[in-house]
Every structure is written in structure tokens, then in C-alpha cells.
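In: Return atomic coordinates for the entry below.
(chains A and B)
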Amino acid sequence: MPTKHGKGLRTGLLLIFICLSLFPVLVLLNTSLQTYQQIISWPPQWFQKLQLGNYRQVIFGSKSIVRPFLNSLAVALPTMVICVIVGILAAYAVTRFKFIGRKLFLVLVICTQMFSSVILINAMYLIFKQSQLLDTRLALIIANTASALPMTVWLLYSYFSQIPVIYEEAAWIDGCSRWQATRHILLPLSLPGIITAGLFAFITAWGDIVYANALITSPALRTLPQALTDFRDLYKTTWETQMAASMITIIPPLLIFIAIQKHLIRGLNRQAGQM
Amino acid sequence: MIQKRPLPYLLILPCLILLAGLYGYPILLTMWQSFNHVNFLADTTTFVGLKNYGNVFSDPTFWQTMAITCKYTVLTVVLKMVFGFGVGYLLHTEIYFKKILGVLILIPWAIPQVAAGTIWQWILNSNYGYANYFLLKLHLISQPIAFLARPETAFYSVSLVDTWMGIPLLAMLFVAALDAIPKNIYEAAALDGAGAWRQFFAITIPSIKRVLLVVLTLVTIWTFNSFNVIYVLTQGGPMRATETLSIRIYQEAFSRFNLGISSTLTMIAVLILLGLTAVYTLGGKAHAHQAR
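Out: As a prediction, this is how the structure comes out:
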């Protein structure tokens, strides 16, 4: 086991790595606060004459991302709700019952996690085309549910199985019904896990570009990731506004990630250790 | 006790229906499409049997795509594993500001991939990009490089960005595995006179061997599936230098409107993924038996 010896050296090494890995984030912040004239100057300027004009422009201006922001919310929130409800039911079944096919079901959940949205995109496109759902939010919600559901189920399963069933059994003995025991004991105890799983589903839908690009054509329905690529113009890419828009896109998932990282990593670890 | 009551089945039913509808049916449909010639624009479908597969396998660009996918996956997985383990190991040891550093490490992972792609596109920009500025200043290059416009540099740039995004999660998985090794084993080894290196190879590595293997498989699957970064940075170009299987599946369908070929490529990807998943589940099990 590494001893106290070299503690400063190891901290230094890690700090160097962190500086390198956070460099892009600094560039992002820096560029988002400058004018076009400043960003094309050479050498690059670092945090001089900062201004919020780019943010004003991406919020109120011609390339406003407010609409895409709301569109992304309108897709990500329902996806989250569907995944959490369906996930809680399934996770309850596999952690509170022993039944034939339980193991098979868990393997199925693992397998589906391995398929990316690109694998499904052809078929999804055809299915939505046939059912006249192309270019609708509903199609995006359904498609994103496919991406997020397996991991949501897995996270809930790993959280539920950490909560001893004894508490609920005690409640049954005291005369509680299965539903009452679940509502008053299991659900409150597993709230952090439920929040983690829900936010994970949210982030998955929030970051999707594969389905959005393939299924959405009308400008009014474009999502935030799509809007981010709109700043690329034939003649001039307005990097400074694009960076401001990127900054706004990043903030919600960044806060969410930092809040839930512990549970998320625990769930993933279980996957690495369990199977 | 095996439950005979229908309740557990009722509870997993919604999930099963969704998984069947969102994975089972689409994959079967894709399989069917792979036996057809599909024209997106004219909206016609003709059954052609195995012709798509024949076309794909006799197409030299397919083998080129497979070679790129292979090279990309191997390179990126190695980079992710090496850096992920290094960072994870440092985070596991005694260091100053452990908590804060642990959170800072996570940031690249928390950034949506599309946004990460746009940031890197700007950093790697050939005219005003920061990468060129620093490389010039350090005298590593003599003139600006159009990183994403040249096949060679584009390939390595994309792999590097993918690595950058992948390190945090791996580091955290390794930290958890390393933290789980009981400290008294090290203490006993130290009493017996084992040095730091000896302890590392005789205790640390064997203890996390299983986690290393499982993470390796998972990372291989994730990297094989990489799409967003490549799509935002290069869209598979320049001159198909970064066109991995995932990118090609998408491009065949939505740029070249060749759904039959795209479906055929999808089925090939599905087979590869099933193979990797089998390694993952069975490999994990075999080791679990060994541990017992």
C-alpha cells in the first residue's frame, strides 16, 4: 500500500493531469466571454475585456437557443418519468421476488445496454415513418426511452437490492400491506437511488444527437444538441456564440453529474462486480 | 422460495414490453431490411436475399472501415485504460485535497458529448485554435496544423478527445476497486518485507484482476459504439479516415440513403457487440467461480 511518502509528488502529478483535462473547459469559458474580433486575434487572449454579449445573443438574439432548450426539456423530462416508473416496477420485482426468469431478465437488461442508438436508428426511422410519427416530440421521447431505460433499471435494481427486505417484512408483520410497506419504507429509503436513476435518464435524453438529427426536421422542434451545430456557417463559424451556447448546454448536466456521481459510480461498479 | 404468483411478472411486464418493442422488434426489422434493397427516396423495398452481405463483404471500403474501427477501438481503449488506471491509482493513494480533486476529475465526463465535440473543434481549429498556439509556442511544430482536415491528424485527434471524455469514469471505477482491497493484506506484506513494487504486483494487480477484465470489456464496447464525438468532429472524414462502423451505419442510411447496406452493417455490428457482451457476462462468471 502506498505510504505517506511522496504524498506531495502524487498530488502534483494529479494536479498536472487535472489542469490538462480542464483546459478545454477554460477555453470554453474564455471564448464565450469574448467578441469575434478578440477570438481571432493572435496570440489568444485570456480573460481580458470580458463581456456577456454572446450570452445575450444566444438567449435573446437571432440564434436564440431558448426554444431548443425548452424542446430538450420537453423530451428529456417525459423520458425520465417513463424510465423511472417502469424501472421502479421492474427493480421491485427482481429485488423483492424470486421467480423463474429473473436472472434471464437481468441478463436482458445488461445486453440491451450494450447496443447504442446507432444500432437502432434505421429501424426506429422506419417504424416512426410508418406510424407517421416522424418529426414529432413523441418519437424522440420513445427513442430516448430506448437509450435510457436499461441503465435506469440497472441503477434502480442495484439500489433496491442494497436495502434489506427485513424493514418491509417488519412492516408486514405490523399489518401493513405490500403497497403500504413499499410506499412508506422502500421508496423513501431508496429516494437517492431513484433520483440518480431519473437524472441519468434525463442526461441521456438531454445529450442525444443521433435520434434528434434523424427524426426531427422542423426548426421549431430542434433540440439543444442540434442547435449547437447550427452555429457552423458556410463562411464563418461564430465560435464565440457557439461557446456561449455550449456553456448553457453544459450547466444542467454538470450540476446533475456532480450531485449524483457517487450513486452512479456505485451502480456501475456493481455491474463490474456482479455479473 | 420460488414465487408462483403472477405479481413479479406483472411488475416486469411494462419493462419487458418496452425492451421488446424498442430493442427486439427494431433488431428483427433491421435483420429483415438487411435482406432487402431499400430505396429511401423512391420508398421501395425489394427482397434480394444475401446480396447486401455479398456486396458489403466484396467492397474494399468495408474492410477499410473495419480496419479503422479496429485501430480506433484498440488505440482508444489502451489510452483510456492506461490513463484511467493511472488517475484512479493516484486518487486511491493518500493525497492532498482528495475530495475536491475527485470532483474536478469528473468534469469532462459530465459534459454532453456534442458540446465537448464543439469545444474541441474550436481548440483544434487550424487558424485560431489554442492547440496550434501552444504547440507553436513550445516549438513542437513550425506552422499551424489543420488537425481535423488531414486524415492522420484527424484520426488521432478524435481518439484523443474520446480518451479525454472516457478517463474520468474509468478512474472512478478503478478507485472503487482499489479502495475495496483490505488494508491488512498490505500491512502483513509490509511486515514480511515486501516493498512497494512487490506489493503492487503481488497484491494490488491480482486483487483487481477481475475488475480490470470487466472494465476492459465494457470500455471496448463503449468505444466500439463511439459516435457523437466522431460525428461532431469529423463526420467520418476527411477521406473516410475516421469512418468507424458506427459512423458508417449512420452515413449509409442518412447521407447515402442506402438503408439495405446500412442495415447489413448494423447486423454485423450487432454480432460483434453480442460477442463482446458474451465475453463480458461469461468472463465475469468464470472468474466469480474461480473466486469461490
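In: tell me the mean pLDDT for whichever strand or helix holds residue A:228?
Out: Using DSSP states H and E, residue A:228 maps to helix A:224-228. For helix A:224-228, the mean pLDDT works out to 90.
In: Tell me which helix or strand comes right after that helix.
Out: The element immediately downstream of helix A:224-228 (helix or strand, assigned by DSSP H and E) is helix A:239-274.
In: Excluding sequence neighbours, find me the nearest residue to residue A:196.
Out: Computed as CB to CB, 6 or more residues apart in numbering or on different chains, the closest residue to residue A:196 that is not its neighbour in sequence is residue A:263, at 3.9 Å. C-beta here means a position set from N, CA and C on the backbone, and glycine is covered the same way.
In: which residues touch the one you found?
Out: Contact analysis of residue A:263 by CB atoms under 8 Å, 6 or more residues apart in numbering or on different chains lists A:155, A:159, A:192-193, A:196.
In: what's the pLDDT at it?
Out: Reported pLDDT at residue A:263 in the predicted model: 78.
In: Number of residues surrounding the residue lying closest to residue B:274 once chain neighbours are set aside?
Out: Among residues not flanking residue B:274 along the chain, residue A:111 sits closest, at 7.7 Å (CB to CB, 6+ apart). When neighbours are counted by other CB atoms under 10 Å in any protein chain shown, residue A:111 registers 18.
In: Might one say that residue A:111 is in contact with residue B:275?
Out: No: with contact defined as CB atoms under 8 Å, residue A:111 does not count as touching residue B:275 (11.8 Å).
In: remind me which residues of the stretch 1-150 of chain B are low pLDDT?
Out: By pLDDT under 70, the weakly predicted segments of the stretch 1-150 of chain B are B:1-4, B:40-41.
In: Which residue ranges of it form strands?
Out: For the stretch 1-150 of chain B, the strands defined by DSSP state E, counting those that start in this stretch cover B:36-39, B:44-47.
In: Turn the ones you listed into TSV, columns for mean neighbour count.
Out: Listed next are these as TSV, based on neighbours: other CB atoms under 10 Å in any protein chain shown:
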stretch	mean neighbour count
strand B:36-39	18
strand B:44-47	11
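In: Tell me which of these sits nearest to chain A.
Out: Proximity to chain A, assessed across these by CB to the nearest CB, is greatest for strand B:36-39 (8.6 Å).
In: would residue A:34 count as being in a strand?
Out: No: read with DSSP: H, G, I helix; E, B strand; the rest coil, residue A:34 is coil and lies in no strand.
In: Up against chain B, what does the stretch 151-275 of chain A have?
Out: A:153, A:203, A:206-207, A:209-210, A:213-214, A:225, A:228-229, A:231, A:239, A:242-243, A:246, A:249-250, A:253-254, A:256-258, A:261, A:265-266, A:268-269, A:271-275 (CB under 8 Å from any CB of the partner chain).
In: just the buried members of those?
Out: The neighbour-count test (16 or more other CB atoms under 10 Å in any protein chain shown) marks A:153, A:203, A:206-207, A:209-210, A:213-214, A:225, A:228-229, A:231, A:239, A:242-243, A:246, A:249-250, A:253-254, A:256-257, A:261, A:265-266, A:268-269, A:271-273, A:275 as buried among those.
In: Once you drop chain neighbours, what's closest to the residue of the stretch 151-275 of chain A found nearest chain B?
Out: Going by CB to the nearest CB, chain B is nearest to residue A:257 of the stretch 151-275 of chain A, at 3.5 Å. Spatial nearest neighbour of residue A:257, chain neighbours left out: residue B:110 (3.5 Å); criterion: CB to CB, 6+ apart.
In: Quick check, residue A:241 in contact with residue A:63.
Out: Yes: Residue A:241 is within contact range of residue A:63, at 6.4 Å (criterion: CB under 8 Å).
In: Spit out the residues that contact those two alike.
Out: Contact criterion CB under 8 Å, 6+ apart; residues shared by residue A:241 and residue A:63: A:57, A:231.
In: Which residues are in contact with the residue nearest the centre of chain B?
Out: With distances taken as CA atoms, centre = their mean, residue B:223 lies nearest the centre of chain B, 1.6 Å away. Taking CB under 8 Å, 6+ apart as the criterion, residue B:223 is in contact with B:72-73, B:76-77, B:80, B:162, B:166.
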